[in-house]
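Peer 1: Just to be clear, the model below is a prediction. Sequence and coordinates:
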Amino acid sequence: MLTAILPAMALAAWSTSEPQVTKAASSPSYEGIKTRLLDGDLVDFRVAVSGDAITADASDYAECAAAQYTLIRGYLFALHLRTSVEEDAGLLTTDAVYTISPDLPRGTRTIDAEVTVAACGQSGIPTV
């Protein structure tokens with residue numbers, strides 16, 4: 001019976017003596033925003049994100065830029081038209097196009113600029 005208990009005790013001691021290793025969560029690094037007015041209310045946003053970033057981080061960064069730009073221009077709403085994200089050597093670059101508007105535009109991908117800018121601030125995502 002002792003021979004059955006000793007291996008179990010050794011295994012229990014081994015498993016409890018190992019240090020717990022946890023990966024520290026790191027956040028994305030926001031590398032900058034380039035804004036280009038294409039035509040009247042049509043605006044192109046190019047943003048870059050590095051670090052532990054995923055595609056959603058890059059898209060969110062572009063949306064935050066669009067929301068702040070909308071407010072800077074004196075408008076209240078933006079309509080998302082398209083976003084493309086590419087990765088190169090750990091850097092995610094996003095090309096996003098929005099229309100900005102003083103009134104709520106038709107469509108399902110609209111953003112309320114004031115609400116979005118506030119949410120970006122709470123999330124720690126920079127704007128223009």
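Peer 2: Yes, it's here.
Peer 1: Only the buried residues of the helix or strand hosting F45, if you could.
Peer 2: In the assignment (DSSP states H and E), F45 maps to strand 42-51. For strand 42-51, the neighbour count (16 or more other CB atoms under 10 Å) marks V43, D44, F45, V47, A48, V49, S50 as buried. In short, each C-beta sits where N, CA and C put it, glycine included.
Peer 1: and of those, the nearest to A65?
Peer 2: Closest approach between the buried residues of strand 42-51 and A65, by CB to CB: F45, at 4.8 Å.
Peer 1: My guess is that closest one contacts A65. True?
Peer 2: Yes - contact between F45 and A65 holds when scored by CB atoms under 8 Å: they sit 4.8 Å apart.
Peer 1: ok, back up a step: for S123, state which of the buried residues of strand 42-51 is nearest.
Peer 2: For these, the nearest to S123 is V49 (13.2 Å; CB to CB).
Peer 1: how close does that closest one get to R109?
Peer 2: Counting by CB to CB, to the nearest Å, the gap from V49 to R109 is 21 Å.
Peer 1: Pretty sure A118 sits in a helix.
Peer 2: Yes - according to DSSP: H, G, I helix; E, B strand; the rest coil, A118 belongs to a helix.
Peer 1: Look at it and report its pLDDT.
Peer 2: Per-residue confidence (pLDDT) for A118: 97.
Peer 1: if I look at it, how far off is D112?
Peer 2: Relative to D112, A118 is positioned 10 Å away (CB to CB).
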